[in-house]
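Peer 1: just coords:
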């Protein structure tokens, strides 16, 4: 059996995780949220008092950390630090910032690469992140670059955090998103960019349902 792979890249807040989860369910694929892996390591660094952007502080932690992905009865990916389910704990602005910093370290990316690629070797997957089509799965059957304007992404993130009971000021979120875009696109290792052969899907100004239907049609047409 030949497994299929769909790589979805894009900037922070573009809706990659939401869209990829639903796409995987629709197609009967496994969903792999690679950003959650970096978030989990970022959380571990913060809990251990390390500065996520400092390799000398992060390196000693790699031999100590135990990161595991599992899939619950809901079919969704859960992240574990040791025996602790940290799926909810990794979705804070602080951990998001830590993940961005820690993912810029080449040794960290190499450390986590095998975990990501092994999922695609053994399953049909929808995998989302910042460098899936460019680095992790450059030979994916379908490569998508999912994006939206910074303002649109900030608005969506505010709504998401409001629904989780942790409201944040819009201008603060917008500033954070612009800074993360700058950092992710400008890093020396695996910078955020549209992969060669990737299809651009811009969801600015359209609803969640319209965004998903656009993505689904794009992937189905490419696989066909």
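Peer 2: Here it is on my side, so go on. Since the structure is predicted, the reported quantities are computational estimates derived from the model, not experimental observations.
Peer 1: For residue 31, which three-state class applies?
Peer 2: strand (DSSP: H, G, I helix; E, B strand; the rest coil).
Peer 1: for residue 11, same thing?
Peer 2: Going by three-state DSSP: residue 11 is coil.
Peer 1: which residues in the chain form helices?
Peer 2: 16-27, 34-47, 55-62, 93-102, 106-122, 150-163, 170-186, 208-223 (DSSP state H).
Peer 1: ok, residues contacting the fifth one?
Peer 2: With Cβ atoms under 8 Å, 6 or more residues apart in numbering as the test, helix 106-122 has contacts from 3, 5, 30, 32, 34, 37-38, 41, 55, 58-59, 62, 67, 69, 102-103, 125, 127, 129, 131-132, 135-137, 140, 188-190. Glycine gets a C-beta too; all of them are placed from N, C-alpha and C.
Peer 1: Please apply the same query to the shortest one.
Peer 2: Outside helix 55-62, the residues that touch it by Cβ under 8 Å, 6+ apart are 41, 44, 45, 48, 50, 51, 52, 102, 105, 107, 108, 111.
Peer 1: Number of residues surrounding residue 171?
Peer 2: 10 (other Cβ atoms under 10 Å).
Peer 1: Against residue 150, how distant is it?
Peer 2: Residue 171 sits 12 Å away from residue 150, going by Cβ to Cβ, to the nearest Å.
Peer 1: And for residue 97?
Peer 2: Distance of residue 97 to residue 150, computed by Cβ to Cβ: 16 Å.
Peer 1: With residue 93 instead?
Peer 2: 16 Å.
Peer 1: Give me the more crowded residue out of those two.
Peer 2: For residue 93 and residue 150, the more surrounded residue by other Cβ under 10 Å is residue 150, and the numbers stand at 19 against 14.
Peer 1: ok now do the more buried one, which residues does it touch?
Peer 2: 174, 177, 178, 181.
Peer 1: which among those gets closest to residue 155?
Peer 2: Within those, distances to residue 155 taken as Cβ to Cβ reach their minimum at residue 174, with 8.6 Å.
Peer 1: wait, that closest one sits on residue 149?
Peer 2: No - at 10.4 Å, residue 174 does not count as touching residue 149 under the criterion of Cβ atoms under 8 Å.
Peer 1: Just give the closest residue to residue 149, not the sequence neighbours.
Peer 2: Using Cβ to Cβ, 6 or more residues apart in numbering and skipping residues adjacent in sequence, the residue nearest residue 149 is residue 204, 4.6 Å away.
Peer 1: Enumerate every residue touching the one you found.
Peer 2: Contacts here follow Cβ under 8 Å, 6+ apart; on that basis residue 204 touches 147, 148, 149, 152.
Peer 1: of these, closest to residue 200?
Peer 2: Closest approach to residue 200 among these (Cβ to Cβ): residue 147, at 7.1 Å.
Peer 1: Quick check, that closest one in contact with residue 193.
Peer 2: No - with contacts counted by Cβ under 8 Å, residue 147 stays clear of residue 193, the gap being 11.2 Å.
Peer 1: Between the two, point out the one with more neighbours.
Peer 2: In this view residue 147 and residue 193 are compared by other Cβ under 10 Å, and residue 147 has more residues nearby, 23 against 15.
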